[in-house]
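Quick one, what's the 3D model for this:
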Amino acid sequence: MLGALPRAGGRIPWSETPKPWSRPPAPEAVCPQGVDDLGPLSPAHGTIDTVTSTSSTVERAFRAALYDDTDAGLDTGASLLAADLAADAELARRGEEFVATAWQRGWQPADVVRLVRRELEDGHVHLAAGLIRAQAGQDRPRGRRWAAQLEALPQDPARGSDRFSHATAVLQLYRLLLRLPALEPLEEPRREHGPAASRMLTRIRALLAKAEATGYPEEAEALSAKAQELMARHSVDEALLAAGAPAPDAPGACRIGVEPPYEQAKAVLLDAVATANHCRAVWNEPLGFSTVVGFEADLEAVELLYTSLLVQATHAMTRAEAAQRAGGRKRTKTFRQSFLAAYAHRVGDRLATVAETQVTQDLLPVLATREIAVTDRLERMFPETTTTRLRGVTDAAGWTEGARAADEAQVRARPRLP
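Numbers count the residues shown, from 1 in each chain. Below is the predicted model:
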């Protein structure tokens, strides 16, 4: 039966974070001493009056727009901001404060950009990226992974809209930032990569990029196999290095986007990749990501392999759809859902089989200790989780084609590690 998947391939740990759209309470009205709340003071009186005027404008715009879900409140706030050119700097400063508050709640740059892209529009993504970049200049160093997320931010284009439209977009973004719920905090790894590890990761990325680009399934399989072999060797090397280090290593965590459509199947695929690489994954469906817990070398392997397999699955699905159309059958959403579900399920089976053959007996105590540490970290981060099963897997042709694609794209058996 297509929908009755075995536990390892069809169930994923799931944690629900409250959606960030609940309206926060409006603060008490704050009016600077000597300022009438009916309107801003004229800047003609000097610097003090200018600062008071802009602050009052921003406060009144926020009270109208951020603590109200209506378009009328949004229009009122945008009108106030559009009419006061001097308020721009204060508006940007307050946006940077919202970003800093998001970091205190456990969010990271990639998380914010992902949610803004999902809930708003492309222009809001660029606004958010600009705010994050500006706030980073005032922020403390937060580690290599954080720096990489800053580097990956979309470039901030010049503002081309009128003042009212721009103010509206800014307030829509601030509404979202204001409502962000708290997330489980992520910590940077205790040990940084050495030169050898960096070279290894560069080789792995190059192999997976070639696997994604080739149009030949056999070549993609060979390249993916070699990449997974390097990942397995790298993981064991890191485990042995950490075991002999004077200061003990500890598991970390990262978040990986699981975007619609077909996010359930993608979450199953990510869970399978994480498990095969000595990590654990918990899916947060409302916010569109999975949190992966593990040691740093394994986390990077999960990110690389999941991204590559997803690209290969998409290419394979496109080819399968073209072949089906040539045969006179129209492809449907159920075909694609079943294709990706079968792909994730089959990849999980094969990864689990390969993982069992990669470790010699003398390495078992080291890896067992690390597995206990990962499980402990996961349970402390997520004391309450549930499981969910894949739904909507009803197309037999899609299931068959997805399983075949997984057999072609997934790694083959490899020599035992020395």
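
Kindly confirm my reading that I12 is in a strand.
Yes: checked against DSSP: H, G, I helix; E, B strand; the rest coil, I12 lies within a strand.

Quickly list what it is bridged to.
T388 (DSSP bridges).

How about the contacts made by it?
264, 267-268, 271, 281, 283, 387-388 (Cβ atoms under 8 Å, 6 or more residues apart in numbering). Bear in mind the C-beta positions are built from the backbone N, C-alpha and C, glycine included.

so which of the residues you listed is the most crowded?
Counting neighbours by other Cβ atoms under 10 Å, V268 leads the contacts of I12 with 29 neighbours.

so when I look at that one, I'm seeing a helix, right?
Yes: counting by three-state DSSP, one finds V268 located in a helix.

Name the nearest residue to it, sequence neighbours excluded.
Nearest residue to V268, sequence neighbours excluded (Cβ to Cβ, 6 or more residues apart in numbering): A344, at 4.1 Å.

circling back: which one among the contacts of I12 gets closest to R380?
Proximity of those to R380, judged by Cβ to Cβ, is greatest for A281, which lies at 15.7 Å.

can you give me how far the host helix or strand of that closest one is from the chain middle?
Using DSSP states H and E, A281 sits within strand 280-284. Centroid separation between strand 280-284 and its chain, computed with Cα atoms, centre = their mean, to the nearest Å, is 11 Å.

Can you spell out which helices and strands pack onto that strand?
With contacts defined as 3 or more Cβ pairs under 8 Å, 6 or more residues apart in numbering; DSSP states H and E, strand 280-284 has these neighbours: strand 11-14, helix 263-276, strand 289-294, helix 364-381.

got the angle for that strand vs helix 263-276?
Angle, strand 280-284 to helix 263-276, by axes from the mean of the first three to the mean of the last three Cα atoms, to 10 degrees: 160 degrees.

residues in contact with strand 280-284?
Here strand 280-284 makes contact (Cβ under 8 Å, 6+ apart) with 12-17, 258, 267, 270-271, 274-275, 289-294, 302, 374-375, 378, 381-382, 385, 388.

Please, a ChimeraX command that selects the buried ones among those residues?
Only the buried entries of the contacts of strand 280-284 go into this ChimeraX selection, using 16 or more other Cβ atoms under 10 Å:
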select :12,13,14,15,17,258,267,270,271,274,275,289,290,291,292,293,294,302,374,378,381,382
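
Pick out the residue closest to the middle of this structure.
Among the residues of the chain, the one closest to the centroid is G257, at 3.1 Å (Cα atoms, centre = their mean).

need the contact list for it.
By Cβ under 8 Å, 6+ apart, the residues touching G257 are 110, 114, 288-289.

how about 6 Å then?
Applying Cβ atoms under 6 Å, 6 or more residues apart in numbering to G257 gives the contacts 114, 289.

how far away is it from D249?
G257 sits 26 Å away from D249, taking Cβ to Cβ, to the nearest Å as the criterion.

for V292, same thing?
Taking Cβ to Cβ, one finds V292 at 17 Å from D249.

gap between P154 and V258?
Using Cβ to Cβ, we find P154 at a distance of 20 Å from V258.

Sorry, slip of the keys, the one I care about is F289.
Counting by Cβ to Cβ - F289 and V258 are separated by 6 Å.

now D71
According to Cβ to Cβ, D71 and V258 sit 31 Å apart.

try T214
26 Å.

and what of D69?
D69 sits 27 Å away from V258, going by Cβ to Cβ.

Could you do V112 as well?
Counting by Cβ to Cβ, the gap from V112 to V258 is 16 Å.
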